[in-house]
Every structure is written in structure tokens, then in C-alpha cells.
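Novice: have a look at this prediction, sequence included:
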Amino acid sequence: ESVLRFVATAGRFHALIDTGALITGMSNEQVARYLLTHGLPDMEGVVFLDAEDKQQVLLRKGLRVCKLSQCGLPWHRRFTFYDQVHTTGMDIKQAIMAHAAVTLGKDMTFRD
């Protein structure tokens, strides 16, 4: 939870890319909920991939989930969580000046 708490409260990130597989024991929706309820004051929602690999958004307003394609949130007001499985190959638009936090793990290779 310390990584999530740091990212949620730092106030400078638009994405968390968990290449190091440090976020465990939580579903992607649970991670999105944690991030929204513990910080990310400038974000209106958190984008994540659900159990069926569909792009979803947990909206701050009402803490409800909807499809990314239907959320209507501007890119600069969304945060994106990329779990370890989905760190490559995802086409999720980001704000032009977006900054991401990236996790690293001890067993990672240069290719990762």
C-alpha cells in the first residue's frame, strides 16, 4: 500500500505503470478505488483493465464504473493504472504533459 499511497498523494502523476508487479492482493478496480479515496485530488476518475481486459473507469462521482469509451472525462483529469500484465500493448490516450510512476522489481530484465 505504500506505493499506492505515495502515488495517490504525490500530486504529480497521471499514471502508475506496475512493471515490477509490486501491487498484489488487489483487483485493478480495488487499486483504482484505493487511489481515488486516498488522494488524486485533481483526477475525476481512474482508468483500469477489468477481469475481462476491458478498459473501464472508476469515476470519483459516485464511485461507479463505466466504460472508458463512454466516460467523457478529459485526458488531463484521468489517472491510469497499468497492472503488470497490461503494461504493454494498451492504447489508452494520455494528456500531452502526463507523468507516470513506474515500479521496478528485482527479477526484471532489460526487456521489461
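Specialist: Right, received. Where do you want to start?
Novice: need the pLDDT of residue 105.
Specialist: Note on residue 105: pLDDT of 85.
Novice: so how far is residue 22 from it?
Specialist: Remark: distance between residue 105 and residue 22 (C-beta to C-beta, to the nearest Å) = 7 Å. Yep, even glycine has a C-beta here, placed from its N, CA and C like the rest.
Novice: cool, residue 84 as well?
Specialist: Shown here: residue 84 relative to residue 22, a distance of 8 Å by C-beta to C-beta.
Novice: can you show me the helices along this structure?
Specialist: Assigned by DSSP state H, the chain shows helices spanning 2-10, 28-37, 68-71.
Novice: the residue positioned nearest the centre of the chain: what's it in contact with?
Specialist: For the chain, the residue sitting closest to the mean C-alpha position, by C-alpha atoms, centre = their mean, is residue 81 at 1.5 Å. Counting by C-beta atoms under 8 Å, 6 or more residues apart in numbering, residue 81 touches 15, 16, 18, 28, 31, 32, 35, 46, 47, 48.
Novice: thought the last one was touching residue 28?
Specialist: What it means is residue 48. Yes. Using C-beta atoms under 8 Å, residue 48 is in contact with residue 28, at 4.0 Å.
Novice: out of these two, which sits in the busier spot?
Specialist: Summary of the neighbour comparison: residue 48 and residue 28, criterion other C-beta atoms under 10 Å, with residue 48 having more neighbours (27 against 22).
Novice: can you pull the contacts of that one?
Specialist: With contacts taken as C-beta under 8 Å, 6+ apart, residue 48 has the following neighbours: 28, 29, 31, 32, 55, 56, 57, 58, 80, 81, 83.
Novice: also residue 85?
Specialist: Residues in contact with residue 85, defined by C-beta under 8 Å, 6+ apart, are residue 49.
Novice: before we move on, back to that, quick check, nearest of the contacts of residue 48 to residue 1?
Specialist: The shortest separation between residue 1 and any of those is 10.1 Å, and it belongs to residue 31 (by C-beta to C-beta).
Novice: run through the bridge partners of the closest residue to the closest one other than its chain neighbours.
Specialist: With C-beta to C-beta, 6 or more residues apart in numbering as the measure, residue 81 is the residue that lies nearest to residue 31, at 5.3 Å, once sequence neighbours are left out. Here residue 81 sits in beta bridges with residue 16, as judged by DSSP bridges.
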